[in-house]
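[1] One predicted model, sequence on top.
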Amino acid sequence: MKKEDIIAELSRLGIEHDPDAKKDELQALLPKNDRQVRWDAYVENYVAESPKGKAKQANGEFDEIPASFV
Amino acid sequence: MANTLSTYTLRDKYMKSNLDVALRAALVAEKICRVDRTDLKRIQNPYLTQPSATIQAVAGTYSVSALTTTDDALTVADEVVSSTHIFDFEDVTSNFNLFADFADDLTYIVAFNIDKFVINSFTEDATGSYTTPAGGFTSAANIPVIMSNLVSKVLGYQDATIANGMFLVIENTDVVGFAQAQVASGFNYADAALNNGFMGNYMGVEIYVVRSGLFVTATLGSRSDIANSGHRLFGIKGIATYASPRGIRYEEKYVTGKTGKEIVVFGYIGFKLWAQKATLGIDITLA
């Protein structure tokens, strides 16, 4: 999602935000949908439990939700 | 001027005696794992920690060390199920044997999901690792580099399993780089690839192609630790076992409140990459 799209969505939802803030900070203000919530929980559990978790996270593998995660 | 003919005046024929089915992806697990279909819950395989030895000038003395054994086991803890119901009016008035055709398709999808479970468990549990150069398997120039690196990770052991041969599981989108590398390198080999198409063997490694999307990041049954999106699998055949007690099974049953019968196809599944061989499985990260 582009920064301008995030700002537009925040404005549409009436969520107070600073348009000059970084994209990550703005994205964090968006309400999370069910899939995002489940994904965050999955990643948190995986990183904590799997010996490969930290390396995969550092490699950026969890930055986006893969299509296979439903 | 043409005559006006009603629909059933004209002749139809059927292509086949059974219903056509969706394209089915290749199944790989049986080709790279040992398979056990006996009625078991667990397979035990305790292992011995490797001892050490001392090279010393002749003295006749030594120190005694204790050896340790560790339990290792495969447990059948998951099942794959698929089912449907065929009403009697559907069965009676169909041109096809619906029970046979539906059961065949349900059986395939159960087998496919067992395969998916095994391949993803294998990839997740493999303790060897390798990250490809940028472009992964889709870049022809990467193929010799990747394959030589993978092969080097598993050679040099005298273990009998090495003789089983090496395998690589890739998705169909990875074939691009392979195909280009195969037709461009070597002489006889390139000619063979040009004449016959994609070669299932490269540098002594058997290549198994599955459909895009088999390597997943998702919960699979009791395994909530699968994160294989963007990964592939390489290793030695036979270092892992999957158990499917009695294989895939089928039941037809009458159910209350409905005519016809319910069909259920199911299979139990357990997987284990044995601890002492886990480094011979290489979890490939695509860059």
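    Received the coordinates, thanks. Not measured: the values here are computed from a predicted model.
[2] so how far is the helix or strand where B:Lys31 lies from its chain's centroid?
    Counting by DSSP states H and E, the element that carries B:Lys31 is helix B:29-32. A distance of 6 Å separates the centroid of the chain from that of helix B:29-32, by C-alpha atoms, centre = their mean, to the nearest Å.
[3] Now do the buried residues in that helix.
    B:29, B:32 (16 or more other C-beta atoms under 10 Å in any protein chain shown). Glycine gets a C-beta too; all of them are placed from N, C-alpha and C.
[4] Alpha carbons only: can I get that helix in PDB?
    The C-alpha coordinates for helix B:29-32 follow below in PDB (Å, rounded to 0.1, in the frame of the first residue of the first chain):
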ATOM      1  CA  ALA B  29       6.600 -37.200  -1.300                       C
ATOM      2  CA  GLU B  30       6.700 -40.900  -2.000                       C
ATOM      3  CA  LYS B  31       9.700 -40.400  -4.300                       C
ATOM      4  CA  ILE B  32      11.800 -38.700  -1.800                       C
END
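[5] Show me what it is packed up against.
    Helix B:29-32 sits against helix B:98-125, strand B:166-171, strand B:205-210, with contacts defined as 3 or more C-beta pairs under 8 Å, 6 or more residues apart in numbering or on different chains; DSSP states H and E.
[6] tilt between the longest one and strand B:166-171?
    To tie it back to what came earlier, the one meant is helix B:98-125. 110 degrees (axes from the mean of the first three to the mean of the last three C-alpha atoms, to 10 degrees).
[7] Next secondary structure after helix B:98-125?
    strand B:128-131.
[8] Repeat that for the last one.
    Beyond strand B:205-210 on the C-terminal side, the first helix or strand identified by DSSP H and E is strand B:231-236.
[9] quick one on the thing from earlier: could you dump the helices and strands packed on helix B:29-32 to JSON lines with mean pLDDT and mean neighbour count?
    Listed next are the helices and strands packed on helix B:29-32 as JSON lines, based on pLDDT from 0 to 100; neighbours: other C-beta atoms under 10 Å in any protein chain shown:
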{"stretch": "helix B:98-125", "mean pLDDT": "96", "mean neighbour count": "21"}
{"stretch": "strand B:166-171", "mean pLDDT": "97", "mean neighbour count": "22"}
{"stretch": "strand B:205-210", "mean pLDDT": "96", "mean neighbour count": "19"}
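[10] helices and strands of chain A: which one has the lowest mean pLDDT?
    Confidence across the helices and strands of chain A bottoms out at helix A:23-29, with a mean of 82, counting by mean pLDDT, DSSP states H and E.
[11] Of all the helices and strands packed on helix B:29-32, which one is nearest chain A?
    Judged by C-beta to the nearest C-beta, the one of those that comes nearest to chain A is helix B:98-125, at 7.6 Å.
[12] how close does B:Phe122 sit to A:Lys2?
    B:Phe122 sits at a distance of 38 Å from A:Lys2 (criterion: C-beta to C-beta, to the nearest Å).
[13] Now do the contacts for the closest residue to A:Pro66 other than its chain neighbours.
    Among residues not flanking A:Pro66 along the chain, B:Ser229 sits closest, at 3.8 Å (C-beta to C-beta, 6 or more residues apart in numbering or on different chains). By C-beta atoms under 8 Å, 6 or more residues apart in numbering or on different chains, the contact list for B:Ser229 reads A:61, A:66, A:68-69, B:215-217.
[14] repeat for B:Ile143
    By C-beta under 8 Å, 6+ apart, the residues touching B:Ile143 are B:137, B:177-178, B:181, B:202.
[15] Wait, a strand at it?
    No - with DSSP: H, G, I helix; E, B strand; the rest coil as the criterion, B:Ile143 is assigned helix and is not in a strand.
[16] Which of the three states applies to the closest residue to it other than its chain neighbours?
    Nearest non-adjacent residue to B:Ile143, counting by C-beta to C-beta, 6+ apart: B:Ala181, 3.8 Å away. When classified by three-state DSSP, B:Ala181 comes out as helix.
[17] one step back: so which of the helices and strands packed on helix B:29-32 comes closest to B:Gly197?
    Of all those, strand B:205-210 sits nearest to B:Gly197, with 11.9 Å by C-beta to C-beta.
[18] Quickly run through the sheet partners of the closest one, with directions.
    Strand B:205-210 sits in its sheet next to strand B:166-171 (parallel), strand B:201-202 (antiparallel), going by DSSP bridges.
[19] Let me see the residues that make contact with that strand.
    B:25-26, B:28, B:31-32, B:119, B:147, B:150-151, B:165-172, B:174-175, B:178, B:198-201, B:234, B:237.
[20] tell me the angle of it relative to strand B:231-236?
    Using the same axes, to 10 degrees: strand B:205-210 against strand B:231-236 is 140 degrees.
[21] The residue nearest to B:Arg211 when sequence neighbours are not counted: helix or strand, and which one exactly?
    In space, and not counting its chain neighbours, B:Arg211 is closest to B:Ala25: 4.1 Å by C-beta to C-beta, 6+ apart. Secondary structure from DSSP H and E places B:Ala25 outside every helix and strand.
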